[in-house]
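> Need the 3D shape of this:
(chains A and B)
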Amino acid sequence: MHAEPAPSRPPEAGRPKITARAVDVFYGSKQALADINLDINENEVTALIGPSGCGKSTFLRCLNRMNETIPSCRVTGRIELDGIDVTSSLDVVELRARVGMVFQKPNPFPKSIYDNVAFGPRILGLTDDRHQMDQVVIGSLKRAGLYDEVKDRMGQPGTGLSGGQQQRLCIARAIAVNPEVILMDEPCSALDPIATARIEELIEELRCDYTIVIVTHSMQQAARVSQRTAFFHLGEIVETGDTAAIFTNPANPLTQGYITGRFG
Amino acid sequence: MPHIVKSFDDELARLYDTIVTMGRATRTQFALALDSLTDSGGQTAARIAASDVEIDRVNEEINDQVLRVLALRSPMADDLRLVVTAMQMATGLERIGDYSVGVARHATALSGEPPRSLGSVTRMGKQVLAMLTDVLDAYAERDAGKALAVWKADRQVDETHSSLFRETITYMMEDPQNIRPCSHLMFIAKDIERIGDLATNIGEMVYYLATGRPLDEARPKGDTSSSAGVL
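This next block holds a predicted model:
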């Protein structure tokens, strides 16, 4: 648990933090993902791109077992976090503490700004000490780049913030439990360009300490924030590679067609 | 496969066509400059100065088109390469136009007293004109192989330039009367050599446009004029 913003360490990109092997996902009898193999490297931002319905959000939700909330959903194959199978060998509460998530639409709890951020640490019993909790909340809000804007109204409802502030509050809430991985499902699609720029800047800062996976429909955003990109199409990964290479010289014609706006 | 946004296709096609047009005009400009070497009346030089204004105007037009596409479309992959290459090519072609004007200007100064090395310069000019023609064809056809051939051909031009440099110095040493025309000739040769370099640069751009990979081989250089002694 960090009380103050942890000093950023230089990214040690390259080591797989999450590995997915032969992952299939079914909703009832319909197959949503087929034979997904992907390494997600530590301290890197991995962007998942592809047309609507291609399975990128489904894959993201496999990484912290959010798909288990859908009764008809069945996941096969193996997904490992630091070499440990997330389905069979990790408790789901522990997994979600280690793999946090930020959604498309900011979804602060109907609680105060303070309580939104303190919620996770309280539930997980990370601290009972009020002073320590203050430090966690302040540290998380600072890391999310929101503290200066809310420090005088910590008791006011989180729902009263602007859309961009609410999304940063959700990011503060996610990092308050000190996760290792942050999953972001189109985190900027409901935000204006200024709020989007703030989140993108934040993603770049957070990369030093966390592994980030982001689903985005914005090609430019994927190109700006990520180091690696995976292109999904019809439930399969068509191409994975360095973001710079994918966006200047994709190997697969399908990738080329999608990112240049020829289909989608 | 066309873009979903049809006007994007139109903009890229227009940019491509404008580059082809500018390339054609630049090639004509350089061919005229070479003609001016044997044109004693100086009329060709006047035509070149006029057409250079038009090349500069097309360069501005291409820059405007590139800015518009970048700002409105955020092009990716092969589209991005086409747009970036267009901007670089326009700059290169505009410089070729300027060097052609330089060739013609020095050619005017030579009229009436053609130096003995003129034949060598004319041959070098033909080599570079062939390179320029080929590289513009390579662009029009997005032919990486042809672009690579132009890139390799520059070595020959460099060697011709070095040999011409030595030849010219010899004539100047033989008779001080040769110094003035031979100096002009050296400027002409240098301008033509630079046009060869620019055609080579365009070859690199076309290669990148067509393949998505930069030409990372060391560029073959054969110009030793900067360190050449006499004979």
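> Just list the residues touching B:L110, thanks.
B:L37, B:L118, B:P181, B:H184, B:L185, B:I188 (Cβ atoms under 8 Å, 6 or more residues apart in numbering or on different chains). Heads up, the C-betas are built off the backbone N, CA and C, glycines and all.
> The last one in helix, strand or coil?
Same thing as B:I188. Of the three states, B:I188 takes helix under DSSP: H, G, I helix; E, B strand; the rest coil.
> Which single residue in chain B comes nearest to chain A?
B:G212 (2.9 Å; Cβ to the nearest Cβ).
> ok so, going back, as CSV, the contacts of B:L110 with secondary structure, neighbour count and distance to B:K126 would be great.
Listed next are those as CSV, based on DSSP: H, G, I helix; E, B strand; the rest coil; neighbours: other Cβ atoms under 10 Å in any protein chain shown; distance: Cβ to Cβ, whole Å:
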residue, secondary structure, neighbour count, distance to B:K126
B:L37, coil, 21, 11
B:L118, helix, 16, 13
B:P181, helix, 22, 21
B:H184, helix, 18, 19
B:L185, helix, 29, 16
B:I188, helix, 31, 14
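> can you put those in TSV and add pLDDT and distance to chain A?
Output for the contacts of B:L110, formatted as TSV (pLDDT from 0 to 100; distance: Cβ to the nearest Cβ, whole Å):
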residue	pLDDT	distance to chain A
B:L37	88	42
B:L118	84	46
B:P181	91	49
B:H184	93	45
B:L185	93	44
B:I188	95	39
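> farthest pair in the residues you listed?
Greatest spatial distance among those (Cβ to Cβ): B:L37 and B:P181, at 11.8 Å.
> So what's the residue count around residue 196?
Using chain A. 19 (other Cβ atoms under 10 Å in any protein chain shown).
> um, chain B though
29.
> That one: what's it in contact with?
B:G196 neighbours (Cβ under 8 Å, 6+ apart): B:Q127, B:V128, B:M131, B:D154, B:V157, B:D158.
> Also A:S226?
With contacts defined as Cβ under 8 Å, 6+ apart, A:S226 is in contact with A:E44, A:V45, A:T46, A:A47, A:I214, A:T243.
> wait, which of those is closest to chain B?
Nearest to chain B among these is A:T243, at 11.2 Å by Cβ to the nearest Cβ.
> What's the local residue count around residue 146?
You didn't say which chain, so I picked chain A. 24.
> Chain B, not that one
Neighbours around B:K146, by other Cβ under 10 Å: 21.
> and what of the one 5 residues further on?
Using other Cβ under 10 Å, B:W151 is surrounded by 24 other residues.
> contacting residues for the nearest residue to it once chain neighbours are set aside?
Of all residues not flanking B:W151 in the chain, B:G203 sits nearest, at 4.1 Å (Cβ to Cβ, 6 or more residues apart in numbering or on different chains). Residues near B:G203 by Cβ under 8 Å, 6+ apart: B:M131, B:V135, B:A138, B:A147, B:L148, B:V150, B:W151, B:L215.
> For the strand or helix carrying B:G203, buried residues please.
For B:G203, the host element (DSSP states H and E) is helix B:179-211. For helix B:179-211, a neighbour-count test (16 or more other Cβ atoms under 10 Å in any protein chain shown) marks B:181-182, B:184-186, B:188-210 as buried.
> residues in chain B within reach of chain A, list them.
Contacts of chain B with chain A, taken as Cβ under 8 Å from any Cβ of the partner chain, map to B:1-5, B:8, B:73-81, B:211-213.
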